[in-house]
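In: Task: produce atomic coordinates for the following.
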Amino acid sequence: MKTLKMAAVGAAMFATATVANAGQTFDAVKEKGFVQCGVSTGLAGFSNPDSQGKWTGLDVDMCRAVAAAMFGDASAFKVTPLTPVQRFTALQSGEIDVLTRNTTQTLTRDTTLGLTGAGVNFYDGQGIMVKKDLGVKSAKELNGAAVCVQPGTTTELNLADYFRSQNMEFQPVVVEKLDETVRAFTSGRCDAFTTDKSQLASVRTTLPNPSNYVILPETLSKEPLGPMVRQGDQEWFNLVRWSLFAMIEAEEYGITSKNVTDMLTSNDPNVQRILGVTPGMGKNLGVSDQWAFHIVEQVGNYGESFERNVGKDSPLGLDRGINATWRDGGLMYGWPIR
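Out: The predicted structure is shown next:
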């Protein structure tokens, strides 16, 4: 009986501690008045500063969406540029509130770092880029090649797995910062450069003669990229996750930054719940019922963000592919806001 009582007391203390910690990040962000987001050190289309220092990109839009949901102001954010090696420590230590930096969600990262993924805002896969004059048409022709790769990434692990599975050898050229990795590749220190295919496409647009570089057809891995937060703060996790879902749901229901005000008069119950015409959804998240309205009005729906940053309206010109909505044969499927 004593053991049972002690177990009950322990469980109660654990529950109390959990509740006390539940809103730690949420409350801290609310108090300071802005969201601190971890982003890349510069990746066109995802998180990249312009000549005036203004950050834009798909991942920056994720950060802006959280700020819009929290404060009704998509500009209420600051960024911390991070390398792959720095990113998890920055989130664990509290230096940033959310990691909105092209980061792959994996079992190990989700269970051993004290962090957790809050959704996927870009489905990707690892590829390899070479100079056209190398004369290589397939990754299977790279036996013995020197390959540039960044440390602290799934890319590094996938590269080793791929070459091992093909009974091939390679020489890794490990460089931490992306810009230095690219310089190593273009200067000839390595025969090939590997990272996510979206990053390869992004990097290629920045090179003096993009047509001189070829992205090989093989996809080496699955790379579901998305925001991450610290474990143990359910309220903050919910807000980040549902900010992403709101963008996806808005696209599905045809709500855009241009028509969002007109859609307030829609008779569709789903649209009414998304935009806060029907009250209650915001209260569940600890924010205004107009939280999703603010996201769409100031940031846009997922499709708008995709096309503007990495799609047909951007220098990258990527197809939607598997990042289309589920109705269009893609994997983007927002949970119902109800």
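In: What's the local residue count around Arg230?
Out: 22 (other Cβ atoms under 10 Å). C-betas here are computed from N, CA, C, even on glycine.
In: For Ala145, see how far away it is.
Out: Distance of Arg230 to Ala145, given as Cβ to Cβ, to the nearest Å: 39 Å.
In: Ser314 too?
Out: 31 Å.
In: Ok, Ser93 next?
Out: 37 Å.
In: So those two - more neighbours on which side?
Out: Using other Cβ under 10 Å, the more surrounded residue of Ser93 and Ala145 is Ala145, with 19 against 9.
In: partner residues bridging the more buried one?
Out: Using DSSP bridges, the beta-bridge partners of Ala145 come out as Phe170.
In: wait, what's in contact with it?
Out: Ala145 makes contact with 170-171, 190-192, according to Cβ atoms under 8 Å, 6 or more residues apart in numbering.
In: for the residues you listed, which one is nearest Arg183?
Out: Distance ranking of these against Arg183, using Cβ to Cβ, places Cys190 first at 10.7 Å.
In: who's in contact with that closest one?
Out: Counting by Cβ under 8 Å, 6+ apart, Cys190 touches 145-148, 171, 173, 184.
In: what's the offset of stretch 137-154 from the middle of its chain?
Out: How far stretch 137-154 lies from its chain's middle: 24 Å, per Cα atoms, centre = their mean, to the nearest Å.
In: ends of that stretch, how far apart?
Out: 24 Å (Cα to Cα, to the nearest Å).
In: List the buried residues for it?
Out: 139, 142, 145-150, 153-154 (16 or more other Cβ atoms under 10 Å).
In: Using the record's assignment, carve this structure into domains.
Out: Per automatic domain parsing, the structural domains of the chain span 18-123+225-328, 126-221.
In: one step back: would you reformat the contacts of Cys190 as CSV and include distance to Asp124 and pLDDT?
Out: Formatted as CSV, the contacts of Cys190 follow (distance: Cβ to Cβ, whole Å; pLDDT from 0 to 100):
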residue, distance to Asp124, pLDDT
Ala145, 22, 97
Ala146, 24, 98
Val147, 18, 98
Cys148, 18, 97
Gln171, 25, 97
Val173, 22, 97
Ala184, 22, 97
